[in-house]
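[1] What shape does this take:
(2 chains)
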Amino acid sequence: MEHFGPVKIRAHKIHKHFASTPFSPGVTALEEINLEIHEGEFAALIGPSGCGKSTFLYIVAAFEKATSGEIYLDGQQITKPGPDRGIVFQEYVLFPWLTVEQNISFGLEIQKKSKKECSQRCRQLLEVTGLTGFEKSYPHMLSGGMQQRVAIARALAYDPKVLLMDEPFGALDAQTKRRMVDDFVRIWEGLRKTVVFVTHSVEEALMLADTIFLFSFRPSRIKQVFRIDLPRPRDITDPRFVQLQRDILDSLDEEVEKMMKSEQAVE
Amino acid sequence: MKNSTKRLKEILAFAFPILVVLLSWEIISRLELANPILLPPPTRILVHTINLLSPEDSGGVSFFLERHAAISFFRIMAGYLIAASTCTVLGLLMGVNRAAYNFFNPLITLIMPIPSLAWVPVVILWLGLGNKTIVFVTMIASIFPVIYNSAAGVRSMTIKHIWAAQTMGAGRVTIFLKVLLPGAMPYIIAGHKLALGRAWRALVATEMVVATGYGLGYLIFEARTFMDTETMYGGIAMIALLGLLIEKVAFGRLERLTVEKWGMSRSL
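    This next block holds a predicted model:
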């Protein structure tokens, strides 16, 4: 992929085992994950439920520790959470006691940026994410889609090197989701930030990503990597889009099948 | 304009069931369906209470009821504020620190079910028959809801809220002050409300036992000796009124400014 910059994130032999507890047996989520994501690349992680793709994202964020293996960001090993990575969760996870504006500038204030810079950056992001006019609203007054826009703006506010997104549109209804994907493509095209995007929607991944990493069922490995060279904004009726979707779904279905079998075995 | 009519409607809706009960009571008493000495009509209690509140009542005593109420009020505030200031901190600590939780939780679990009044004889031995004992017992009564709710409030914030803040570069102190503390607010406020409710009950009962000559509990108990039922009901009404005042004015205002505005607690 010659049009990307240098390697931004490198995962080396990431293995994750969850020890057994009185309530659940031990499980190996990630067998061995090796991958490289380049600067300015939009990477989607896709796989069956419970394959450990979110776990992997949390290891990149350093919310979770890998049992073994290392992750590097710009060649530096990741050991703890930090503002070089921005996070967007499926459940928005906004601070309900802060207004939209205050939520967005939360990170900047923690990093002791000047008031002027906070408000300037905030105004810019409100505009980019289509939130202008909602500065003084509290999160509970907004729809799910609007709340997720705030969460995206909040993560972009302090200009992290990479944006980590954990099924960000998963809790939204189908129409809102489509609109959010379209808008996010536009936002991303303006920023060209490195993104790691976890999703279970093949269509979403194809609309957004340059590279799709398909995770196998657990203990998971990277089963296949798809390069998506289609120009944005992408058209879901484009034959190449349809063909890629077919290929990915076929590969994914095999893993979903394994997941179903394992669930039956448990019962 | 629109807001004030809404407020008026709320007040009327709140007062309506109370007025219905008072009216039925009035009728029952006036028709002597019940002994009007044991159950004097509310209007007569009202007249009597106003007399007791007046700058100089029929017995020549000035601000009789106010004085008792003020003393009770200061006692409950002293007991509650001591508990609130120390135990909110303790509860928050238990919410963030596992060692603190593990140490204090068994103690609290053991002590909590003991009715505050069971402590009265013991506290009398420690502190004597006076204000100190009454304040101490109201403090005991206030402690547990404050500790429990403060701890539960901190735990109500999801790990993802903490993660989000960490990712933005927040350290432990910042996370505590800017995430856990405001996030725990709805629980903390509820805990303080419960604490004051419990404190009132403990206060009145303790005042009856530790007869210091002042306080609403003492007043009610003392009036019984003279079969002065109107004063007894007046005292009871005063307790209800003060409780309502704290609940609606102080806490109501606090809630409107915080948890209701944030959508963390529904206003009905």
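
[2] can you count the residues close to the residue in chain B that chain A sits nearest to?
    Closest to chain A within chain B is residue B:263: 2.6 Å, counting by CB to the nearest CB. Heads up, the C-betas are built off the backbone N, CA and C, glycines and all. For residue B:263, the count of nearby residues is 15 (other CB atoms under 10 Å in any protein chain shown).

[3] measure it to residue A:141 for me?
    Per CB to CB, to the nearest Å, residue B:263 is found 7 Å from residue A:141.

[4] and if you look at residue B:193?
    Distance from residue B:193 to residue A:141, by CB to CB: 26 Å.

[5] Among the two, which residue is more densely surrounded?
    Higher neighbour count among residue B:193 and residue A:141: residue B:193, with 18 against 13, using other CB under 10 Å.

[6] Can you verify that one is assigned to a strand?
    No. Counting by DSSP: H, G, I helix; E, B strand; the rest coil, residue B:193 falls outside a strand, being helix.

[7] For it, which non-adjacent residue is spatially closest?
    Of all residues not flanking residue B:193 in the chain, residue B:251 sits nearest, at 5.5 Å (CB to CB, 6 or more residues apart in numbering or on different chains).

[8] and that neighbour, how many residues sit next to it?
    Residues near residue B:251, counting by other CB under 10 Å, number 15.

[9] same thing with residue A:114?
    For residue A:114, the neighbour count with other CB under 10 Å is 9.

[10] For it, give its distance to chain B.
    16 Å (CB to the nearest CB, to the nearest Å).

[11] which residues does that residue contact?
    Residue A:114 sits next to no residue when contact means CB atoms under 8 Å, 6 or more residues apart in numbering or on different chains.

[12] In three-state terms, label residue A:64 for me.
    Secondary structure state of residue A:64, per three-state DSSP, is coil.

[13] Tell me, how many residues neighbour it?
    By the criterion of other CB under 10 Å, residue A:64 has 17 neighbours.

[14] where does it fall, phi/psi-wise?
    When read as degrees, to the nearest 10, the backbone of residue A:64 gives phi -120, psi 150.

[15] again with residue A:167
    Listed backbone geometry of residue A:167 is phi 40, psi 60, with angles given as degrees, to the nearest 10.

[16] do the same with residue A:224
    When quoted as degrees, to the nearest 10, the phi and psi of residue A:224 stand at phi -150, psi 150.

[17] per-residue confidence at it?
    As predicted, residue A:224 sits at a pLDDT of 95.

[18] ok, it touching residue A:251?
    Yes. Here residue A:224 reaches residue A:251: they are 5.5 Å apart, a contact under CB atoms under 8 Å.

[19] So for those two, which residues contact both of them?
    In contact with both residue A:224 and residue A:251: residue A:214, using CB under 8 Å, 6+ apart.

[20] and the residue most central in space within chain B, what element?
    Nearest to the mean C-alpha position of chain B, by CA atoms, centre = their mean, lies residue B:196 at 2.5 Å. Using DSSP states H and E, residue B:196 sits within helix B:181-209.

[21] How about the secondary structure of the residue of chain B closest to chain A?
    Of the three states, residue B:263 takes coil according to three-state DSSP.

[22] what do you get for residue A:163?
    strand.

[23] Do you have the strands of the stretch 151-267 of chain A handy? List them.
    Here the stretch 151-267 of chain A has its strands, by DSSP state E, counting those that start in this stretch, at A:162-166, A:194-199, A:211-215, A:220-227.
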